[in-house]
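Asks: sequence and predicted structure, then a few things I'm wondering about:
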Amino acid sequence: MKRLLDSAKHLLRGGSLGYLASGEPYHPFGEDFGLTVFPDYIQLREKLALRSGYVDVYTQRSASIKLSDGRFQLPPLPKHSFLPLVERLEQDGIVPRGWLNNQTANLYEPEDFIRAHIDNLFVYDDIFAVISLGANALLRFVHVQNGEELDVVIPDGSVYIMSGPSRYVYFHMVLPVEAQRVSIVFRRSILNSDGGFRPVSTPLGDLMPYRSTQILNTLYAKQIGGVRVAVDDKYLEKEEIGAFDTGKWVKGLHPLRDWTLLSQLDEDEARVLELREKRYLDVDLSWRFTELRKRYKELEDMLRV
């Protein structure tokens, strides 16, 4: 009866019929963690459209495919292959309307993986929507300060949303997959660079894509927005800590024990100032630091260890 009432409310709010055919959404580690899984959300026609998109890219632009950190990063998919799905995510209230503006697709062959990382904090905002097709994926989260380790299986045909703590203070990684898997990541970028599929509503939104890409490359080269970790390889070898034992090296080395979002922002601001003084960067990014500082102060209590 509850499911029936919830379905009626969903339709009255303008939600899609397809949502009713999906599984019950769940929070593997509780609502406050910020990870929500929507099982069986992707409908057959959407799977076919996505498959057509990445097969076209794979066959027609094979020279542009990059082997990156244990998996293949595909060139941007054609908008027609995924935009209806993004619009349905908005219709169902899973993501805010107009929020997502950038996508990237990854192809995992058997035994492929992606190492522990936090997506760039300066370039991308909160709320990531990730489509998972093909093999089930074992997704691991590791707290950057205390090494807490959490695992969840992401099933084929599902969508998962990362926000709040799961986005900001946990490394996430995909362990080696057993069969082919494709993931498509939707997020909000401050720059109109590769993978952009909607206008960017920031002071950098009017820049041409090639100029945006230049700025992005400069930021990435100096690790602006990248969580910087110094790992002692000799220590890892001595303690027999493997490539996927992120929790062990976080606990053993404490490389980020005193790290906070605000301290990260201070370091990023100093690096950007240095780039501007050396004329490697000629755009004003002060608005972004103001924006993030306000956001991080709001999150401070939630994210405190």
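Replies: Structure's in. What do you need?

Asks: the spatially closest residue to Val283 that is not a sequence neighbour: what secondary structure?
Replies: Closest residue to Val283 apart from its sequence neighbours, by CB to CB, 6 or more residues apart in numbering: Ile215 at 6.2 Å. Every C-beta, even on glycine, is put in place using the N, C-alpha and C of the backbone. Ile215 carries the three-state label helix when classified by DSSP: H, G, I helix; E, B strand; the rest coil.

Asks: Ile215 touches Leu207, doesn't it?
Replies: Yes: contact criterion CB atoms under 8 Å: Ile215 and Leu207 qualify, at 7.4 Å.

Asks: joint contacts of these two?
Replies: Each of Leu191, Val283 lies in contact with both Ile215 and Leu207 under the rule CB atoms under 8 Å, 6 or more residues apart in numbering.

Asks: beyond the helix or strand bottoming out on mean pLDDT in the chain, next helix or strand please.
Replies: The weakest-scoring helix or strand in the chain, judged by mean pLDDT, DSSP states H and E, is strand 66-68 (a mean of 67). Next along the chain after strand 66-68, taking DSSP states H and E as the criterion, comes strand 71-74.

Asks: that next one packs against which elements?
Replies: helix 44-60, strand 66-68, strand 102-108 (3 or more CB pairs under 8 Å, 6 or more residues apart in numbering; DSSP states H and E).

Asks: out of the ones you listed, which one sits most buried?
Replies: Of all these, strand 102-108 has the most neighbours on average by mean count of other CB atoms under 10 Å, namely a mean of 21.

Asks: name the helices or strands packed onto that one?
Replies: If you count contacts as 3+ CB pairs under 8 Å, 6+ apart, strand 102-108 packs onto helix 44-60, strand 71-74, strand 181-187.

Asks: as CSV, these with mean pLDDT and distance to Leu121 would be great.
Replies: Compiled in CSV, those are given as follows (pLDDT from 0 to 100; distance: least, CB to CB, whole Å):
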stretch, mean pLDDT, distance to Leu121
helix 44-60, 86, 27
strand 71-74, 80, 20
strand 181-187, 97, 12
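
Asks: any chance of TSV for the ones you listed, columns distance to Ser158?
Replies: Below are these laid out as TSV (distance: least, CB to CB, whole Å):
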stretch	distance to Ser158
helix 44-60	12
strand 71-74	18
strand 181-187	11
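
Asks: tell me what the residue sitting nearest the centre point of the chain is bridged to.
Replies: For the chain, the residue sitting closest to the mean C-alpha position, by CA atoms, centre = their mean, is Phe128 at 5.0 Å. In this entry, Phe128 is beta-bridged to Met162, by DSSP bridges.

Asks: Ser189 is in contact with that one, correct?
Replies: No: contact criterion CB under 8 Å: Phe128 and Ser189 do not qualify, at 11.3 Å.

Asks: check contacts around Ala179.
Replies: Contacts of Ala179 by CB under 8 Å, 6+ apart are Pro110, Gly134, Ala135.
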